[in-house]
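1. Just need the structure, nothing else, for what follows:
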Amino acid sequence: MKKYFYFLLILSVFTSCEEDVKFNNPAFQTLKDNVFWRARSYKAYFGENENIIVEGSLGYEQIKFQLSEPAEKTYTLGVNDDIKAIFKNTYKGQEAEFDTGTGKGNGEIVVTEYNTIDNTISGTFKFTAVNANSDVEKQTMHFSEGVFYKIPVEPRGNFVPVSN
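-> From the prediction side, this is the model:
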């Protein structure tokens, strides 16, 4: 009888083990000043000048990329205002904006995949952005090991006005 009891006990231990595998698909994450940062919401869409915008948000914080096109290539930051990265914190009392642009900041955004069938965009990034307010102590913010993976791209807006 004891054998059956031990057998059932061991059997219940092994059958109660399970693996909870969680996939980050899609994902938008980075190290922000060497602290892990993962967006809770993300999207990509086409802007007014047919450029593509990729955004990731976590609470009051937002990282936004503006790329001249969704092509699979490396985009260099700090060269012009067509290709730039922006970090914003809109929390009351902690408002801040850091960005790259013509002659400020540096880094790169690499688009590794632009899938027109599934309407997703993926890539990596690293950059140093400059504070828009020059009167504060913290002048730069560093982002490294950044990844955006299979971010859904909203279709281009073909809005038709509704008439009454």
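2. gap between the nearest residue to D33 once chain neighbours are set aside and T100?
-> Using CB to CB, 6 or more residues apart in numbering and skipping residues adjacent in sequence, the residue nearest D33 is H142, 5.5 Å away. From N, CA and C alone the C-beta is placed, and that goes for glycine too. Look at H142 and T100: by CB to CB, to the nearest Å, they are 12 Å apart.
3. quick one: N49 is in a helix?
-> No: judged by DSSP: H, G, I helix; E, B strand; the rest coil, N49 forms no part of a helix; its state is coil.
4. quick one, phi psi at it?
-> Note on N49: its backbone torsions stand at phi -100, psi 30 [degrees, to the nearest 10].
5. now swap in L58 and tell me
-> Main-chain dihedrals, L58, degrees, to the nearest 10: phi -140, psi 100.
6. and it, what does it touch?
-> Contact analysis of L58 by CB atoms under 8 Å, 6 or more residues apart in numbering lists W37, R38, A39, R40.
7. hmm, back to that, H142 and T100: which is more packed in?
-> Set side by side, H142 and T100 show more neighbours around T100, with 27 against 15, by other CB atoms under 10 Å.
8. give the contact list for that one.
-> Listed by CB under 8 Å, 6+ apart, the contact set of T100 reads L77, G78, K84, A85, I86, N106, G107, F127, T128, A129, V130.
9. Filter the residues you listed down to the buried ones.
-> Neighbour-count burial (16 or more other CB atoms under 10 Å) applied to those gives L77, G78, K84, A85, I86, N106, G107, F127, T128, A129, V130.
10. wait, the first one sits on I83?
-> When you say that, I think you mean L77. Yes: using CB atoms under 8 Å, L77 is in contact with I83, at 6.4 Å.
11. on that earlier part again, residues touching the residue nearest to D33, list them.
-> Applying CB under 8 Å, 6+ apart, we find H142 in contact with K32, D33, N34, F127, T128.
12. Figure out how far stretch 143-161 is from the centre of its chain.
-> 10 Å (CA atoms, centre = their mean, to the nearest Å).
13. Go through that stretch and flag the buried ones.
-> The neighbour-count check on stretch 143-161 (16+ other CB under 10 Å) flags F143, G146, F148, Y149, K150, I151, V153 as buried.
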